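> below are the sequence and a predicted model; questions follow.
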Amino acid sequence: VNNRYMEVPSKWELVVAARELSDRGLVHSAKWMSELSVSLPRSSLPDGLRDQLSHLDTEWMLELDRYTFAKACFDCREYRRAAFHLEGCKSQKSIFLRGYSLYLAGEKNKQEQTSEVSGMTHSKENSTKHLKLLQKEFSQLYERKTLDGYGLYLFGVVLKELDQRDKLRAIFEESVNKVPFLWSAWQELAATCEDRETLDTLDLPSHWMAEMFMAYACLHLQHTEESLQRYNDLTASWLPADSTHVKSQKALVYYNARDFEEAGRLYGEVFEQDPERIDETDFYSNVLFVMDKKAELSHLAHHVVQVDRYRPETCCVIGNYYGLRGDHHKAIQYFQRACSLDPSYLSAWTLLGHEYVELKNIPAAIQAYRRAVDADPSDYRAWYGLGQTYEMLRMPLYSVHYYQKAHQLRPNDSRMLVALGEIYERLNKHQLAKKCYWRAVLVGDVEDLALLQLAKLYEQQGENEEAARVYTRLARQTEDSGTAASTADLSRCYRFLVLHHLRTTRDLEQAESYAHKCCEFAETLQEGTSFLEEIGQLRRRERQFSAADVNSMPLDQSLSPDMNTPKFS
């Protein structure tokens, strides 16, 4: 046999080659090469390689061959195999990769066991087995204070999945202080902050990542104005204004503030700037859905399918496309697929609940919304959806609870306040209902419902003066803005004001003005005509009475100075 090609490689030559392959994304070749390196006997590091790695952890350098092979297995999604080859390793990097491999192996197994039909059912015991093993192992390391920032992050994720939230904030806080560049830890830290007071108590590192975090956390807490200001400050100081990340975050700020025009403009810019970017396309599709832009949503759906049809965001975009077309069964199919691809995907669960509501499948809607709030308790849309579903089931006490949750997350959102007011009305808690409606008016009634509901409530309670005051404000607001809840409601408003000015204030001029408004609606055309005839009769009667009074006056009284005759000194 000709052995002219048989130059025997060293173990470390194979290790370096495997890392070069991995850096270039050639994961299968890297795995093949590193598997060869692990099989070779251990030898001392060459001087050149030792110099290159001198700044790294000494323990990790001793485990470099095993780590390289395990990382190659990890890149090929062979998570259990990666964890197996890292067992007994002592370096922080190896400990993290082994733990993360076990975590992903368990998540992969859980996902495979999840029903692909409903996308909702899974065994609680089987799904947490790997988490409990990791909790036990990492708890010991945490108590010995031997976890680095990456290990702390993974420990926090495990505790979160097990719903053990007592130490979560402290763990993620310690993680970001040790590794400020770990954005995932910052995101998890933001999720532990339920209000602004908690956010202000955090001990954050003096690092530019803390500024990025504060902008993100304010957005998470629905403090849209402050979040937008912080992102503007970042772009004014050092971040490029055309950063796709910052643009998409600003778009999300406008989306939460219900400024869909500006949100759509920014998302459109991001899409043009980086058309292969799938991130946040689900929110972009939400904006297009709300704005009823079928052509743009169709174009977006076809494009993301070509980029990556198996991304959860892609499924959400397609689901919104079918939802806008009114094909709710197809929409549900794609939202379920998104949930199967990522069971923690908040948007998919919420949108799935909306589609089930459209089909009046209330039990399925409730289950979807519950999965959404389990994924993120700060999602006000899911809490609001739960309130709506229980309202449809005629269970107002449950509705109040869920609407209150939504209101706590969005205290200045009039939709939550109006929903609460309507439920309080059904529970005969009229004072609370009035407070909710007035609060909705003060914060800005985006749906123009609060004044109408408030006026109706005053009318039902016999508080006619207050009802007239609110109906008058509603009429003026409608004339200024050109919008109204419905023609039936607006005609009711004008009818009440006609009767109020006829029967109570005796202001015929105002009554006539509102009677003419009644004639503009089919519902009150006949009544409006009758009102105008009655007003005409009253005016003729007044003129007759005035003339009769003047004719019956004595001559000396009619010429008296009190009758506006000239006086002479």
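Yep, it's here. In this text, all values refer to a predicted model and were calculated from it rather than measured experimentally.
> buried residues of the longest helix seen in the chain, list them for me.
Among the elements of the chain assigned as helix by DSSP state H, the one spanning the most residues is helix 525-551. By 16 or more other C-beta atoms under 10 Å, the buried positions in helix 525-551 come out as Glu527, Gly528, Phe531, Leu532, Ile535. Glycine gets a C-beta too; all of them are placed from N, C-alpha and C.
> then stretch 400-409?
For stretch 400-409, by 16+ other C-beta under 10 Å, it's Val400, Tyr402, Tyr403, Gln404, Lys405, Ala406, His407, Leu409.
> what is the longest helix of the chain packed up against?
helix 487-500, helix 508-518 (3 or more C-beta pairs under 8 Å, 6 or more residues apart in numbering; DSSP states H and E).
> which residues touch Arg426?
Pro396 (C-beta atoms under 8 Å, 6 or more residues apart in numbering).
> against Asp413, how distant is it?
The gap separating Arg426 from Asp413 is 21 Å, by C-beta to C-beta, to the nearest Å.
> just the pLDDT for the residue minimising distance to the centre of the chain.
Among the residues of the chain, the one closest to the centroid is Asp379, at 5.4 Å (C-alpha atoms, centre = their mean). The model reports Asp379 with a pLDDT of 88.
> hmm, Ala348 and it touching each other?
No - in this structure, Asp379 is not within contact of Ala348 by C-beta atoms under 8 Å, at 11.8 Å.
> list the contacts of the closest residue to His407 other than its chain neighbours.
Leaving aside its sequence neighbours, His407 sits nearest to Met416 (C-beta to C-beta, 6 or more residues apart in numbering; 4.1 Å). Contact partners of Met416, counting by C-beta under 8 Å, 6+ apart, are Tyr380, Tyr384, Tyr403, Ala406, His407, Arg410.
> dump the residue contacts of the nearest residue to the first one once chain neighbours are set aside.
By that I understand Tyr380. Leaving out its chain neighbours, the residue that sits closest to Tyr380 by C-beta to C-beta, 6+ apart is Leu409, at 4.0 Å. Shown in contact with Leu409 (C-beta under 8 Å, 6+ apart): Gln222, Ser378, Asp379, Tyr380, Trp383.
> for Asp233, same thing?
Here Asp233 is in contact with Glu211 (C-beta under 8 Å, 6+ apart).
> show me where pLDDT drops low in the stretch 101-250 of the chain?
In the predicted model of the stretch 101-250 of the chain, residues 114-126 satisfy pLDDT under 70.
> could you redo the last one with a cut-off of 90?
Across the stretch 101-250 of the chain, the ranges flagged by pLDDT under 90 are 107-130, 163-166, 181, 194-195, 208, 222, 234-235, 237-243.
> helices of that one, residue ranges please.
Assigned by DSSP state H, counting those that start in this stretch, the stretch 101-250 of the chain shows helices spanning 124-143, 149-161, 168-178, 183-191, 196-200, 208-220, 224-237, 244-256.
> ditto for the stretch 351-500 of the chain
Using DSSP H, counting those that start in this stretch, helices in the stretch 351-500 of the chain cover 362-375, 380-392, 396-409, 414-426, 430-443, 450-460, 464-481, 487-500.
> picking up where we left off before, next, the angle helix 508-518 makes with the longest helix of the chain.
If you take axes from the mean of the first three to the mean of the last three C-alpha atoms, to 10 degrees, helix 525-551 sits at 160 degrees to helix 508-518.
> and Leu288, what does it touch?
Gly264, Glu296, Leu297, Leu300, Asn320, Leu324.
> correct me if wrong: the fourth one contacts Tyr284.
The reference is to Leu300. Yes - the criterion here is C-beta under 8 Å, and Leu300 meets it with Tyr284 at 6.6 Å.
> and Glu87, backbone torsions?
Taking degrees, to the nearest 10, you get phi -60, psi 130 for the backbone angles of Glu87.
> likewise the one 10 residues further on?
Geometry field for Leu97 lists phi and psi as phi -60, psi -40, criterion degrees, to the nearest 10.
> what's the spacing between it and Arg539?
91 Å.
> do Asn320 as well
Taking C-beta to C-beta, one finds Asn320 at 58 Å from Arg539.
> before we move on, the earlier item: turn the helices of the stretch 351-500 of the chain into TSV, including distance to Tyr142.
Compiled in TSV, these are given as follows (distance: least, C-beta to C-beta, whole Å):
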stretch	distance to Tyr142
helix 362-375	25
helix 380-392	32
helix 396-409	31
helix 414-426	39
helix 430-443	44
helix 450-460	50
helix 464-481	58
helix 487-500	60
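> so which of the ones you listed comes closest to Ala215?
Closest to Ala215 of the helices of the stretch 351-500 of the chain is helix 396-409 (C-beta to C-beta; 18.6 Å).
> that closest one vs helix 414-426, what angle?
Using the same axes, to 10 degrees: helix 396-409 against helix 414-426 is 150 degrees.
> quick check: angle from helix 396-409 to helix 362-375?
30 degrees.
> pLDDT (mean, whole number) over helix 396-409?
pLDDT averaged over helix 396-409 gives 95.
> ok, stretch 310-318 next?
Here the average pLDDT along stretch 310-318 is 96.
> gap between that stretch and the chain center?
17 Å (C-alpha atoms, centre = their mean, to the nearest Å).
> can you list contacts of it?
278-282, 284-285, 297, 300-301, 304-305, 307-308, 334-335, 337-339, 341-342, 345, 347-348, 351.
> before we move on, what about stretch 351-371?
120, 286, 316, 319-320, 323, 328-329, 331-332, 335-336, 339, 343, 349-350, 372, 382-383, 385-386, 388-390, 392-393.
> try it again at 7 Å.
By C-beta atoms under 7 Å, 6 or more residues apart in numbering, the surrounding residues in contact with stretch 351-371 are 120, 316, 319, 323, 328, 331-332, 335-336, 339, 349-350, 372, 382, 385-386, 388-389, 392-393.
> surely Met291 touches Phe260?
Yes - with contact defined as C-beta atoms under 7 Å, Met291 and Phe260 form a contacting pair (5.4 Å).
> please consider this matter closed, and thank you.
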